[in-house]
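Q: Quick one, what's the 3D model for this:
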Amino acid sequence: AHPAERRGGRGLADGSSSMAWRAFVRLPRQTALARCRPAARPGDEGDPLRLLATGAVSLLGVGGWVFSREREPAYAQASIHSVPEALGRPPGPASVFEADGAGFSFLSPEYRRNVFFVYEKRLREHSPPEKVFEYFSSIKSADGTFMTSLDLMRAAVPVFQPADSKHIRSGSLGGEKKDDEDEHASGVSSDFFQMFDTDGDGLISFPEYLFFVTLLSLTDEKCKATFREFDVDKGGSLCREEFLQMMKHMRLSTTKGRASGYRTGLKTVTDVDDLSGGLVHHLFGDGRREHKLSLKAFEAFLTKLRTEIDSLEFEHYDFKRQGSISAEDFGYSVVAGASVRQLQHFIDRAAKLSSSEVGRSGRRITKAQYMSFCQLLKHGNSRFENKIKERVGKGGRLTRDVFLQLAKECGARLSETMIDVVFFVFDVDGDGELSPAEFLDVVSRFQ
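A: Predicted structure coming up:
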């Protein structure tokens with residue numbers, strides 16, 4: 001029944017009541033009030049000019065807030081909003097109002113670097129391989145999408161941008177603004193990856209990227225066990241076909257290797273197991289004189305691969321080619337492996353290195369020292385790591401002297417600067433001891 005009839009009323013005889021009701025319910029409820037409301041006068045809350053002025057003032061306020069953050073004392077900085085003075089460098093422009101031709105940005109470069117580092121870390125861990133490959137690849141042309149050896153390292157290993165670098169990110173996706181010319185790439189060459197380069201362009205294809213990132217995602221023990229599993233005749237070596245089947249099995253066993261090769265805008269081959277180029281040729285020789293790959297040769301290949309990644313990581317931080325890196329950059333490289341949940345705490349600790357005694361001293365870490373540290377700790381399940389666990393398991397403490405002693409027992413001599421950085425970052429309460437579980441969980445790159 002019509003609402004008027006349910007209430008006992010009577011509609012219009014000409015039947016127009018139904019039309020009037022439909023017209024009424026379709027009107028916005030505020031229409032009647034709006035008709036009675038006077039027009040907004042200049043300065044009222046509803047005046048468009050006042051709204052526009054309010055928005056402009058708010059925008060300027062954000063720029064002023066970011067700028068004021070740069071002038072806070074270093075001890076007041078304790079979050080991802082780390083800024084130049086907390087990092088020991090003169091403050092740069094925080095907004096377009098403070099620099100001519102610097103581009104439109106209300107955030108300091110240090111803040112943006114930290115944001116992009118966290119973004120890239122999540123990208124490596126949670127995005128499909130096609131997206132990771134596109135983001136970190138620096139060669140994108142009509143011929144396809146390819147990586148350099150430095151791109152591969154950045155895709156496989158979380159790295160901060162160097163402290164003195166102008167770059168804020170390691171890559172970009174299609175349509176995104178990318179950094180200018182890669183200042184880090186000049187003078188970088190990899191003899192290891194050139195061994196697989198049959199056409200001389202020095203580039204890495206998508207299937208080769210999957211091959212390398214798969215091996216870097218697995219422990220040495222896992223790789224060796226899989227090798228023995230595919231050694232059908234138990235002769236201690238694999239033929240070409242057995243090796244390709246093994247790599248496919250290993251690739252599918254990791255989240256970083258599960259790929260189809262299809263992605264909108266990504267120009268690459270879609271046969272993700274196509275390793276018919278220089279890589280397989282190097283391992284097995286040409287088809288006329290093909291030889292098998294022994295387990296010993298495979299182990300040597302894995303060692304060379306991880307050593308080369310360590311070397312490229314050092315080259316990333318030493319972009320000025322000085323042969324050494326700062327204590328601050330070394331600190332960032334140590335904490336880069338932390339989980340996203342813990343990451344901010346360790347970023348804050350590393351950011352304070354520049355204002356610490358070790359940072360102000362100007363002491364630096366050479367490449368030989370850096371490589372030694374990587375061999376000791378960053379590869380996981382190392383002899384040094386096992387010694388630490390054994391020592392702590394017997395009730396021992398991981399003090400500075402014990403740390404140095406265990407390193408020497410493993411044949412490595414770490415510099416005083418490296419020890420100072422490690423204890424500054426991880427010995428938060430200053431009692432001279434490290435928490436082994438937390439320390440190893442952050443530092444070990446290949447678990």
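Q: Can you list the low-confidence ranges for the stretch 51-200 of the chain?
A: Low-confidence segments of the stretch 51-200 of the chain, defined by pLDDT under 70: 51-106, 177-189, 196-200.
Q: quick one, strands of this structure?
A: 139-141, 144-146, 237-238, 293-294, 324-326, 364-366 (DSSP state E).
Q: Look up how far residue 128 lies from residue 291.
A: 36 Å (C-beta to C-beta, to the nearest Å). C-beta here means a position set from N, CA and C on the backbone, and glycine is covered the same way.
Q: of the two, who's got more company?
A: Using other C-beta atoms under 10 Å as the criterion, residue 291 and residue 128 rank with residue 128 on top: 15 against 12.
Q: From residue 383, how far off is the more buried one?
A: Taking C-beta to C-beta, one finds residue 128 at 36 Å from residue 383.
Q: do the same with residue 133
A: Where residue 383 is concerned, residue 133 sits at a distance of 34 Å (C-beta to C-beta).
Q: Mind checking which of these two has more residues around it?
A: Between residue 133 and residue 383, counted using other C-beta under 10 Å, residue 133 has the larger neighbour count: 28 against 13.
Q: That one against residue 209, yeah?
A: Yes - taking contacts as C-beta atoms under 8 Å, residue 133 lies within contact range of residue 209: 5.5 Å.
Q: Need the overlap of contacts for these two.
A: Contact criterion C-beta atoms under 8 Å, 6 or more residues apart in numbering; residues shared by residue 133 and residue 209: 147, 155.
Q: Now do the phi/psi pair for the closest residue to residue 407 other than its chain neighbours.
A: Distances taken as C-beta to C-beta, 6 or more residues apart in numbering put residue 414 closest to residue 407, at 5.1 Å, once the chain neighbours are dropped. Main-chain torsions, residue 414, degrees, to the nearest 10: phi -80, psi 140.
Q: From what I see, residue 414 and residue 405 are in contact.
A: No - the criterion here is C-beta under 8 Å, and residue 414 misses it with residue 405 at 11.0 Å.
Q: okay, the two: which has more neighbours?
A: Just comparing residue 414 and residue 405: by other C-beta under 10 Å the higher neighbour count belongs to residue 414, 18 against 12.
Q: For residue 370, see how far away that one is.
A: As judged by C-beta to C-beta, residue 414 and residue 370 stand 10 Å apart.
Q: Kindly report the same for residue 423.
A: Residue 423 is 17 Å from residue 370, by C-beta to C-beta.
Q: what do you get for residue 353?
A: 16 Å.
Q: contacts for stretch 250-258?
A: Stretch 250-258 is touched from outside by 124, 128-129, 132, 210-211, 213-215, 217-218, 223, 226, 259, 272-273, with contacts defined as C-beta under 8 Å, 6+ apart.
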